[in-house]
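J.: pasting a predicted model and its sequence here:
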Amino acid sequence: MPLASLWDKAFAYLHHYYADWSWRQLTHVVNDPDSWLAWPYVLSALVVMWLVFRRSRAAGSFAAFVAPRAIYGHPSALVDYRYVSVDIVLNSLLFAPFMTCLSAAVYIAVGAVCPVLVLDGSGTALWIRSALLTIITLLVSDFAFFLAHYVMHRSVFLWHFHEVHHSAKVLTPVTVYRVHPVERAVNAVVGGVVTGIAGALYNSWIGKDVTAVTLFGVNVVLLAVFMLWSQLRHSHVWLAYPRVLSHVLISPAQHQIHHSIDPRHHDKNFGVVFALWDWAFRCLYIPRDREALEFGVDARPEDFATVRKLYCLPFVKASRTIAAGLRRQRRMPVEATAPR
């Protein structure tokens, strides 16, 4: 597809977005079914937490179990609240429309050059194709996030931006939005490429007359994830799955381990929904019993003490990494030719 056509589509989207802009864009965090913190998911999480509370027979009240002051009043949590309040506005006005345009452009560009399959599955029953699309869509998008997450941990440059998320000393459901804009861009590019390839291949095989099974506009399988355990991923509530199931799905406990500063837990459990990718890449960690966890990163606490630092300091650190790399490159020829 010509670049001019992609630009026209992106411009049309931006124009429509801002022409139709309303306060809904600012309240999407609690009202939009695509949001991790939408109020139905919060209510369902409270039900799950009640069941965990009853089973664990924890001392004290349920309110103290759900929202302990030491966690929700922690300085790191307070930074989270301030960061997210700013990020909601910036994401609604700047990041969301441009990242969506970027993802759509990559999707269209990749889909345009993707080879057409010889196989033809368009004669399969519609309900089977819908079920397949529902599952494949979730698998592909989850793998795309896993891949982006994996790359951000392995890349010294990108880690400085992902470090913002890991710098949280305590985990609350709000921590899921403690994400740097550069990380959002990486997710958009990787997601656009992976889903673009998968979408083009799927359409060429099964046809374009089929849609995924959704409820309230959300993939029904993902909706179940949101309702049952998404809120507990970033929380103090330990919820682990049986060992066999933990090879398929990432439990809240496994994601909490991902945030741990214990060297045994470094670069483990990158997945969001499925543990299959971690299992395949040999980075799956399944706890046998409850483990005492400490969260954060190996850096100065003051580096993540303000919203301004969370936004700006990663650029400073990344530029230092680039500068150090360039200095090493300049020294290498000299060292290689130096007399022995």
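T.: Happy to help now that I have it.
J.: residue 299 and residue 317, how far apart?
T.: Using CB to CB, to the nearest Å, residue 299 is found at 9 Å from residue 317. C-betas here are computed from N, CA, C, even on glycine.
J.: and residue 281, how far from residue 59?
T.: 40 Å.
J.: looking at these two now, which is surrounded by more residues?
T.: Neighbour totals were compared for residue 281 and residue 59, and residue 281 leads with 14 against 7 (other CB atoms under 10 Å).
J.: low pLDDT regions in this structure?
T.: 1-34, 92-100, 102-104, 106-107, 110-124, 204-209, 215-217, 332-340 (pLDDT under 70).
J.: show me the strands in it, by range?
T.: 214-215, 218-219 (DSSP state E).
J.: out of those, flag the one nearest residue 195.
T.: With CB to CB as the criterion, residue 195 lies closest to strand 218-219 of the strands of the chain, at 12.6 Å.
J.: give me the helices and strands touching the closest one, please.
T.: If you count contacts as 3 or more CB pairs under 8 Å, 6 or more residues apart in numbering; DSSP states H and E, strand 218-219 packs onto helix 126-154.
J.: please point out which parts of the helix it packs on sit buried.
T.: Neighbour counts using 16 or more other CB atoms under 10 Å place 129-130, 132-134, 136-150, 152-153 of helix 126-154 among the buried residues.
J.: any idea how many residues pack against residue 321?
T.: 16.
J.: oh sorry, the question was meant for residue 288
T.: 7.
J.: give me the phi and psi for it.
T.: phi -80, psi -40 (degrees, to the nearest 10).
J.: quick one: it from residue 256, how far?
T.: 15 Å.
J.: now swap in residue 319 and tell me
T.: Residue 319 is 32 Å from residue 256, by CB to CB.
J.: same thing with residue 245?
T.: Using CB to CB, residue 245 is found at 17 Å from residue 256.
J.: ok, the two, which is more surrounded?
T.: Each of residue 245 and residue 256 has its neighbours counted (other CB under 10 Å); residue 256 has more, 25 against 12.
J.: now do the contacts for the residue nearest to that one when sequence neighbours are not counted.
T.: Closest residue in space to residue 256, ignoring its immediate chain neighbours: residue 293 at 5.9 Å, by CB to CB, 6 or more residues apart in numbering. Contacts for residue 293 (CB atoms under 8 Å, 6 or more residues apart in numbering) come out as 256-257, 259-260, 262, 265.
J.: buried subset of the residues you listed?
T.: For the contacts of residue 293, buried by 16+ other CB under 10 Å: 256-257, 259-260, 265.
J.: just name the closest of those residues to residue 313, please.
T.: Looking across those and measuring by CB to CB, the closest to residue 313 is residue 259, at 19.4 Å.
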